[in-house]
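K.L.:
next come a sequence and a model predicted from it.
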Amino acid sequence: MWALAAVKLGCLLALGLLPLLCALLPAALRRLARPGAAQRWRSLASCAAGGVFLATCLLDVVPDSLRDLREELRRQRLSLDFPVPELVLAVGFLLVLVVEHVALDCSEPGGDEASLLLPPCPGQAGPEEQQQHHHHQAPRRRASRFRSLVLTLALCLHSVFEGLSVGLQDTPSRVLQLAGAVLLHKSVVAASLGLLLLQSPLPLRWLAAALGAFVLTSPLGVGLGMALTQSSGGDGNTTARSLLQGVAAGTFMYITFLEILPQELGSPANRLPKVLAVLLGFSGMVGLRLLA
(Lines give C-alpha, C1' and ligand atoms only; values in the text may rest on other atoms or scores of the structure.)
Protein backbone atom coordinates (compact mmCIF):
# COMPACT_ATOMS: atom_id res chain seq x y z
CA MET A 1 0.00 0.00 0.00
CA TRP A 2 2.64 2.52 1.08
CA ALA A 3 5.05 1.29 -1.60
CA LEU A 4 2.41 1.87 -4.27
CA ALA A 5 1.72 5.39 -2.96
CA ALA A 6 5.45 6.17 -2.90
CA VAL A 7 5.88 5.01 -6.51
CA LYS A 8 2.93 7.15 -7.60
CA LEU A 9 4.32 10.21 -5.80
CA GLY A 10 7.69 9.70 -7.48
CA CYS A 11 6.00 9.47 -10.88
CA LEU A 12 3.99 12.59 -10.04
CA LEU A 13 7.19 14.57 -9.44
CA ALA A 14 8.87 13.17 -12.57
CA LEU A 15 5.85 14.04 -14.72
CA GLY A 16 6.14 17.62 -13.51
CA LEU A 17 9.90 18.22 -13.60
CA LEU A 18 11.10 16.60 -16.83
CA PRO A 19 8.38 18.08 -19.11
CA LEU A 20 9.10 21.48 -17.51
CA LEU A 21 12.77 21.24 -18.49
CA CYS A 22 11.82 20.14 -22.01
CA ALA A 23 9.32 23.00 -22.35
CA LEU A 24 12.02 25.52 -21.40
CA LEU A 25 14.59 23.97 -23.76
CA PRO A 26 13.52 25.91 -26.90
CA ALA A 27 13.95 29.24 -25.09
CA ALA A 28 17.46 28.26 -23.96
CA LEU A 29 18.48 27.10 -27.44
CA ARG A 30 17.07 30.29 -28.95
CA ARG A 31 19.44 32.37 -26.86
CA LEU A 32 22.44 30.24 -27.85
CA ALA A 33 21.76 30.19 -31.60
CA ARG A 34 23.48 32.65 -33.93
CA PRO A 35 21.13 35.33 -35.30
CA GLY A 36 21.77 34.44 -38.95
CA ALA A 37 21.04 30.73 -38.65
CA ALA A 38 18.41 31.01 -35.92
CA GLN A 39 15.51 31.75 -38.27
CA ARG A 40 16.06 28.76 -40.54
CA TRP A 41 16.62 26.32 -37.69
CA ARG A 42 13.60 27.68 -35.84
CA SER A 43 11.47 27.12 -38.93
CA LEU A 44 12.72 23.54 -39.35
CA ALA A 45 12.22 22.85 -35.65
CA SER A 46 8.66 24.16 -35.90
CA CYS A 47 8.00 21.78 -38.80
CA ALA A 48 9.37 18.90 -36.72
CA ALA A 49 7.04 20.01 -33.93
CA GLY A 50 4.20 19.94 -36.45
CA GLY A 51 5.09 16.32 -37.22
CA VAL A 52 5.06 15.57 -33.49
CA PHE A 53 1.58 17.03 -33.12
CA LEU A 54 0.37 15.21 -36.25
CA ALA A 55 1.48 11.87 -34.77
CA THR A 56 0.07 12.81 -31.36
CA CYS A 57 -3.27 13.61 -32.98
CA LEU A 58 -3.57 10.52 -35.20
CA LEU A 59 -1.86 7.91 -33.01
CA ASP A 60 -2.69 9.04 -29.48
CA VAL A 61 -5.37 11.65 -28.86
CA VAL A 62 -7.98 10.59 -31.45
CA PRO A 63 -7.67 6.77 -30.96
CA ASP A 64 -7.80 7.14 -27.16
CA SER A 65 -10.89 9.33 -27.27
CA LEU A 66 -12.70 7.05 -29.75
CA ARG A 67 -11.87 3.97 -27.67
CA ASP A 68 -13.07 5.56 -24.42
CA LEU A 69 -16.30 6.79 -26.02
CA ARG A 70 -17.06 3.36 -27.48
CA GLU A 71 -16.33 1.66 -24.16
CA GLU A 72 -18.64 4.12 -22.42
CA LEU A 73 -21.43 3.38 -24.90
CA ARG A 74 -21.01 -0.35 -24.23
CA ARG A 75 -20.99 0.27 -20.48
CA GLN A 76 -24.22 2.23 -20.77
CA ARG A 77 -25.64 -0.60 -22.96
CA LEU A 78 -26.45 1.81 -25.75
CA SER A 79 -26.51 0.17 -29.16
CA LEU A 80 -26.96 2.91 -31.73
CA ASP A 81 -26.59 2.62 -35.47
CA PHE A 82 -24.85 5.98 -35.51
CA PRO A 83 -21.15 7.01 -35.16
CA VAL A 84 -21.56 8.79 -31.82
CA PRO A 85 -17.81 8.92 -30.96
CA GLU A 86 -17.01 10.49 -34.32
CA LEU A 87 -19.84 12.96 -33.80
CA VAL A 88 -18.31 14.09 -30.49
CA LEU A 89 -14.98 14.68 -32.25
CA ALA A 90 -16.75 16.67 -34.96
CA VAL A 91 -18.48 18.78 -32.29
CA GLY A 92 -15.10 19.67 -30.78
CA PHE A 93 -13.73 20.50 -34.24
CA LEU A 94 -16.71 22.67 -35.17
CA LEU A 95 -16.79 24.34 -31.77
CA VAL A 96 -13.33 25.85 -32.28
CA LEU A 97 -14.16 26.70 -35.90
CA VAL A 98 -17.32 28.61 -34.94
CA VAL A 99 -15.82 30.40 -31.92
CA GLU A 100 -12.72 31.48 -33.84
CA HIS A 101 -14.60 32.83 -36.84
CA VAL A 102 -17.20 34.58 -34.71
CA ALA A 103 -14.36 36.26 -32.84
CA LEU A 104 -12.68 37.23 -36.12
CA ASP A 105 -15.93 38.55 -37.56
CA CYS A 106 -16.58 40.66 -34.47
CA SER A 107 -13.06 42.09 -34.48
CA GLU A 108 -12.97 42.74 -38.26
CA PRO A 109 -16.48 42.62 -39.77
CA GLY A 110 -15.41 43.47 -43.32
CA GLY A 111 -12.21 41.45 -43.29
CA ASP A 112 -11.16 39.07 -46.03
CA GLU A 113 -10.44 35.74 -44.36
CA ALA A 114 -8.20 34.63 -47.21
CA SER A 115 -5.87 37.53 -46.49
CA LEU A 116 -5.60 36.33 -42.89
CA LEU A 117 -4.55 32.84 -43.92
CA LEU A 118 -2.48 33.73 -47.00
CA PRO A 119 -1.12 37.27 -46.66
CA PRO A 120 0.53 38.66 -49.82
CA CYS A 121 4.29 38.74 -50.07
CA PRO A 122 5.71 42.25 -49.54
CA GLY A 123 7.55 42.18 -52.87
CA GLN A 124 4.43 41.20 -54.85
CA ALA A 125 1.83 43.40 -53.16
CA GLY A 126 0.96 46.89 -54.26
CA PRO A 127 0.43 49.83 -51.90
CA GLU A 128 -3.28 49.05 -51.49
CA GLU A 129 -2.63 45.38 -50.74
CA GLN A 130 0.15 46.26 -48.29
CA GLN A 131 -2.19 48.67 -46.53
CA GLN A 132 -4.83 45.94 -46.27
CA HIS A 133 -2.16 43.52 -45.04
CA HIS A 134 -1.20 45.85 -42.17
CA HIS A 135 -4.89 46.49 -41.53
CA HIS A 136 -5.45 42.78 -40.94
CA GLN A 137 -2.43 42.17 -38.69
CA ALA A 138 -4.32 42.82 -35.43
CA PRO A 139 -7.13 40.27 -35.99
CA ARG A 140 -4.62 37.79 -37.37
CA ARG A 141 -2.53 38.08 -34.20
CA ARG A 142 -5.69 37.65 -32.11
CA ALA A 143 -6.53 34.49 -34.07
CA SER A 144 -3.02 33.15 -33.48
CA ARG A 145 -3.33 33.83 -29.75
CA PHE A 146 -6.70 32.10 -29.67
CA ARG A 147 -5.38 29.03 -31.48
CA SER A 148 -2.35 28.81 -29.20
CA LEU A 149 -4.55 28.86 -26.12
CA VAL A 150 -6.97 26.29 -27.59
CA LEU A 151 -4.05 23.99 -28.43
CA THR A 152 -2.76 24.29 -24.87
CA LEU A 153 -6.23 23.61 -23.44
CA ALA A 154 -6.68 20.48 -25.57
CA LEU A 155 -3.27 19.17 -24.55
CA CYS A 156 -3.99 19.96 -20.89
CA LEU A 157 -7.23 17.96 -20.94
CA HIS A 158 -5.49 15.02 -22.58
CA SER A 159 -2.61 15.21 -20.08
CA VAL A 160 -5.04 15.15 -17.14
CA PHE A 161 -6.52 11.91 -18.44
CA GLU A 162 -3.05 10.42 -19.02
CA GLY A 163 -2.08 11.25 -15.44
CA LEU A 164 -5.40 9.92 -14.20
CA SER A 165 -4.70 6.55 -15.83
CA VAL A 166 -1.34 6.42 -14.01
CA GLY A 167 -2.92 7.28 -10.65
CA LEU A 168 -5.60 4.59 -11.04
CA GLN A 169 -3.14 1.68 -11.46
CA ASP A 170 -3.07 -0.84 -8.60
CA THR A 171 0.48 -2.28 -8.80
CA PRO A 172 3.89 -0.52 -8.73
CA SER A 173 5.06 -2.28 -11.91
CA ARG A 174 2.05 -1.12 -13.91
CA VAL A 175 2.45 2.39 -12.52
CA LEU A 176 6.11 2.54 -13.59
CA GLN A 177 5.44 1.08 -17.03
CA LEU A 178 2.60 3.46 -17.83
CA ALA A 179 4.31 6.49 -16.26
CA GLY A 180 7.46 5.85 -18.33
CA ALA A 181 5.46 5.85 -21.55
CA VAL A 182 3.56 9.00 -20.54
CA LEU A 183 6.79 10.71 -19.49
CA LEU A 184 8.55 10.08 -22.82
CA HIS A 185 5.53 11.21 -24.78
CA LYS A 186 4.82 14.31 -22.72
CA SER A 187 8.46 15.44 -22.71
CA VAL A 188 8.59 15.53 -26.52
CA VAL A 189 5.20 17.24 -26.71
CA ALA A 190 6.27 19.77 -24.06
CA ALA A 191 9.35 20.76 -26.08
CA SER A 192 7.22 21.10 -29.23
CA LEU A 193 4.57 23.14 -27.42
CA GLY A 194 7.23 25.40 -25.91
CA LEU A 195 8.68 26.02 -29.37
CA LEU A 196 5.31 26.87 -30.94
CA LEU A 197 4.21 29.10 -28.08
CA LEU A 198 7.55 30.88 -28.19
CA GLN A 199 6.81 31.91 -31.79
CA SER A 200 3.22 32.94 -31.05
CA PRO A 201 2.24 36.55 -30.24
CA LEU A 202 1.27 35.62 -26.68
CA PRO A 203 2.52 37.98 -23.96
CA LEU A 204 5.21 36.52 -21.72
CA ARG A 205 2.91 36.08 -18.74
CA TRP A 206 0.36 34.18 -20.85
CA LEU A 207 3.09 32.04 -22.37
CA ALA A 208 4.42 31.15 -18.91
CA ALA A 209 0.89 30.41 -17.68
CA ALA A 210 0.15 28.15 -20.67
CA LEU A 211 3.36 26.15 -20.24
CA GLY A 212 2.86 25.96 -16.48
CA ALA A 213 -0.68 24.68 -16.89
CA PHE A 214 0.43 22.02 -19.38
CA VAL A 215 3.29 20.86 -17.15
CA LEU A 216 1.06 20.60 -14.06
CA THR A 217 -1.84 18.74 -15.66
CA SER A 218 -0.31 15.23 -15.62
CA PRO A 219 0.72 15.49 -11.93
CA LEU A 220 -2.78 16.78 -11.22
CA GLY A 221 -4.23 13.76 -13.00
CA VAL A 222 -2.02 11.40 -10.98
CA GLY A 223 -3.19 13.05 -7.76
CA LEU A 224 -6.83 12.77 -8.81
CA GLY A 225 -6.34 9.10 -9.66
CA MET A 226 -4.79 8.44 -6.25
CA ALA A 227 -7.70 10.22 -4.55
CA LEU A 228 -10.25 8.24 -6.55
CA THR A 229 -8.64 4.91 -5.68
CA GLN A 230 -8.80 5.83 -1.99
CA SER A 231 -12.36 7.16 -2.00
CA SER A 232 -14.44 5.41 -4.64
CA GLY A 233 -12.36 2.56 -5.97
CA GLY A 234 -11.46 4.45 -9.15
CA ASP A 235 -15.04 4.93 -10.41
CA GLY A 236 -15.23 8.50 -11.61
CA ASN A 237 -17.72 10.18 -13.86
CA THR A 238 -16.58 8.25 -16.90
CA THR A 239 -19.30 9.64 -19.14
CA ALA A 240 -18.20 13.24 -18.56
CA ARG A 241 -14.56 12.21 -18.91
CA SER A 242 -15.18 10.45 -22.23
CA LEU A 243 -17.15 13.39 -23.63
CA LEU A 244 -14.49 15.90 -22.56
CA GLN A 245 -11.73 13.82 -24.08
CA GLY A 246 -13.68 13.51 -27.33
CA VAL A 247 -14.26 17.25 -27.57
CA ALA A 248 -10.57 17.86 -26.76
CA ALA A 249 -9.58 15.47 -29.54
CA GLY A 250 -11.75 17.40 -32.00
CA THR A 251 -10.17 20.72 -31.01
CA PHE A 252 -6.73 19.13 -31.32
CA MET A 253 -7.57 17.98 -34.86
CA TYR A 254 -8.60 21.51 -35.82
CA ILE A 255 -5.42 23.11 -34.47
CA THR A 256 -3.17 20.44 -36.03
CA PHE A 257 -4.63 20.47 -39.54
CA LEU A 258 -5.80 24.07 -39.90
CA GLU A 259 -3.23 25.96 -37.85
CA ILE A 260 0.10 24.22 -37.16
CA LEU A 261 0.82 22.43 -40.44
CA PRO A 262 -0.48 25.14 -42.83
CA GLN A 263 1.40 27.82 -40.90
CA GLU A 264 4.70 25.95 -41.02
CA LEU A 265 4.43 24.68 -44.60
CA GLY A 266 2.80 27.76 -46.18
CA SER A 267 6.05 29.58 -46.86
CA PRO A 268 7.81 28.68 -50.15
CA ALA A 269 11.28 28.82 -48.56
CA ASN A 270 13.01 25.50 -47.78
CA ARG A 271 10.07 23.36 -48.85
CA LEU A 272 11.84 20.00 -48.95
CA PRO A 273 13.77 20.46 -45.66
CA LYS A 274 10.48 21.42 -44.00
CA VAL A 275 8.73 18.30 -45.29
CA LEU A 276 11.65 16.18 -44.10
CA ALA A 277 11.44 17.86 -40.70
CA VAL A 278 7.72 17.02 -40.47
CA LEU A 279 8.49 13.40 -41.37
CA LEU A 280 11.27 13.33 -38.78
CA GLY A 281 9.01 14.60 -36.01
CA PHE A 282 6.26 12.17 -37.03
CA SER A 283 8.70 9.22 -37.20
CA GLY A 284 10.13 10.06 -33.78
CA MET A 285 6.68 9.89 -32.19
CA VAL A 286 5.94 6.63 -34.03
CA GLY A 287 9.16 5.19 -32.56
CA LEU A 288 8.18 6.30 -29.07
CA ARG A 289 4.75 4.75 -29.55
CA LEU A 290 6.29 1.43 -30.59
CA LEU A 291 8.67 1.44 -27.62
CA ALA A 292 5.82 2.16 -25.19
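P.N.:
It's in. Residues are numbered from 1 along each chain as shown.

K.L.:
distance of the closest residue to Leu207 other than its chain neighbours from Gly284?
P.N.:
Spatial nearest neighbour of Leu207, excluding adjacent residues (C-beta to C-beta, 6 or more residues apart in numbering): Leu197 at 5.2 Å. All C-beta atoms are positioned from the backbone trio N, CA, C, and that covers glycine. The span separating Leu197 from Gly284 equals 20 Å under the rule C-beta to C-beta, to the nearest Å.

K.L.:
neighbour count winner among those two?
P.N.:
Leu197 (22 against 15; other C-beta atoms under 10 Å).

K.L.:
which SSE is immediately downstream of the helix or strand hosting that one?
P.N.:
With elements taken from DSSP states H and E, the one containing Leu197 is helix 172-198. Where DSSP H and E defines the elements, the next helix or strand beyond helix 172-198 is helix 204-231.

K.L.:
would you map the helices across this protein?
P.N.:
If DSSP state H is used as the criterion, the helices of the chain fall at 2-32, 35-56, 62-75, 84-107, 113-117, 127-135, 137-167, 172-198, 204-231, 238-255, 261-265, 271-291.

K.L.:
Ser274 is in contact with Arg42, isn't it?
P.N.:
Just so we're on the same page, residue 274 is Lys rather than Ser. No. Lys274 sits out of contact with Arg42 when judged by C-beta atoms under 8 Å, with a separation of 11.8 Å.

K.L.:
which one's more surrounded, these two?
P.N.:
It is Lys274, of Lys274 and Arg42, that has more neighbours when counted by other C-beta under 10 Å, with 21 against 17.

K.L.:
residue contacts, Arg289?
P.N.:
Counting by C-beta atoms under 8 Å, 6 or more residues apart in numbering, Arg289 makes contact with 55, 59-60, 185.

K.L.:
10 Å - rerun?
P.N.:
55-56, 59-60, 181, 184-185 (C-beta atoms under 10 Å, 6 or more residues apart in numbering).

K.L.:
of all these, which comes closest to Leu4?
P.N.:
Using C-beta to C-beta, Ala181 is the member of the contacts of Arg289 that lies nearest Leu4, at 18.3 Å.

K.L.:
run a quick neighbour tally on the closest one.
P.N.:
Each residue near Ala181 was counted by other C-beta under 10 Å, and the total is 16.

K.L.:
can I assume it is in contact with Val188?
P.N.:
No. Between Ala181 and Val188 there is no contact, the gap being 11.7 Å when judged by C-beta atoms under 10 Å.

K.L.:
so what sits against both of those two?
P.N.:
Shared between the contact lists of Ala181 and Val188 (criterion: C-beta under 10 Å, 6+ apart) are residues Leu288.

K.L.:
how about low-confidence regions in the stretch 101-250 of the chain?
P.N.:
103-144, 229, 231-237 (pLDDT under 70).

K.L.:
so what's the residue count around the closest residue to Glu259 other than its chain neighbours?
P.N.:
Spatially, and ignoring its direct neighbours in sequence, Glu259 is nearest to Arg147 (4.6 Å; C-beta to C-beta, 6+ apart). Residue neighbour count, defined by other C-beta under 10 Å, stands at 21 for Arg147.

K.L.:
what residues are up against Arg147?
P.N.:
Arg147 makes contact with 96, 100, 196, 200, 251, 254-255, 258-260, 263 under the criterion C-beta under 10 Å, 6+ apart.

K.L.:
and those, which is closest to Leu21?
P.N.:
Using C-beta to C-beta as the measure, the one of the contacts of Arg147 that approaches Leu21 most closely is Leu196, at 17.3 Å.

K.L.:
ok, now which ones touch the residue nearest the centre of the chain?
P.N.:
Central residue check for the chain by C-alpha atoms, centre = their mean: the C-alpha nearest the mean position is that of Leu155, 4.0 Å away. By C-beta under 10 Å, 6+ apart, Leu155 lies in contact with 53, 56, 61, 186, 189-190, 192-193, 210, 213-214, 217, 248, 251-252, 255.
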